[in-house]
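Visitor: Okay, predicted coordinates and the sequence, questions at the end:
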Amino acid sequence: MTTVPVEEMSAELDELIRQVPGVATLYRSGPLAARVVAAGREAVRADRSEPMVVVDRDGDRTTVEATIGVDSRSAAETCRAVYDAVSAWSKTAGPTEVAVRITVAQAAD
């Protein structure tokens with residue numbers, strides 16, 4: 001089990017996923033209520049760098065949730081590339097069991 005704070009993991013994964021070929025943008029992930037609270041928090045702060053990727057840890061299980069927009073590449077191939085990148089990250093970052101949830105919110109024509 002890793003002791004890295006989930007906020008730090010979220011920031012790392014946010015940067016990692018943005019670099020995956022085919023990912024055009026990231027959208028805020030998570031339940032609607034959490035997204036509304038985060039948007040409100042950002043509205044009153046000058047720093048708007050809160051990660052869009054949500055990481056949740058429950059014991060040895062870590063869940064990563066990302067909502068992406070894809071460019072002209074295949075959405076399925078882009079999702080696979082994001083999954084592979086997160087899986088490779090988990091082998092070096094330390095979470096023992098990682099579930100990855102990727103949602104495509106927008107795809108280019």
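Guide: On my side now, so go ahead. The shown structure was predicted, so the numbers you read here are calculated from the model rather than taken from an experiment.
Visitor: okay, and the helix or strand of the protein with the least pLDDT?
Guide: Least confident helix or strand, the chain: helix 32-44 with a mean of 50, by mean pLDDT, DSSP states H and E.
Visitor: Now do the buried residues in whichever helix or strand comes after it.
Guide: With elements assigned by DSSP states H and E, the helix or strand that comes after helix 32-44 is strand 54-58. Using 16 or more other C-beta atoms under 10 Å as the test for burial, strand 54-58 gives 54-55, 57. In this view, the C-beta of every residue, glycine as well, is placed from N, C-alpha and C.
Visitor: Report all helices and strands that strand 54-58 contacts.
Guide: When contacts are defined as 3 or more C-beta pairs under 8 Å, 6 or more residues apart in numbering; DSSP states H and E, strand 54-58 packs onto helix 6-18, strand 61-70.
Visitor: please redo it, this time with the cut-off set to 10 Å
Guide: helix 6-18, helix 32-44, strand 61-70, strand 97-107 (3 or more C-beta pairs under 10 Å, 6 or more residues apart in numbering; DSSP states H and E).
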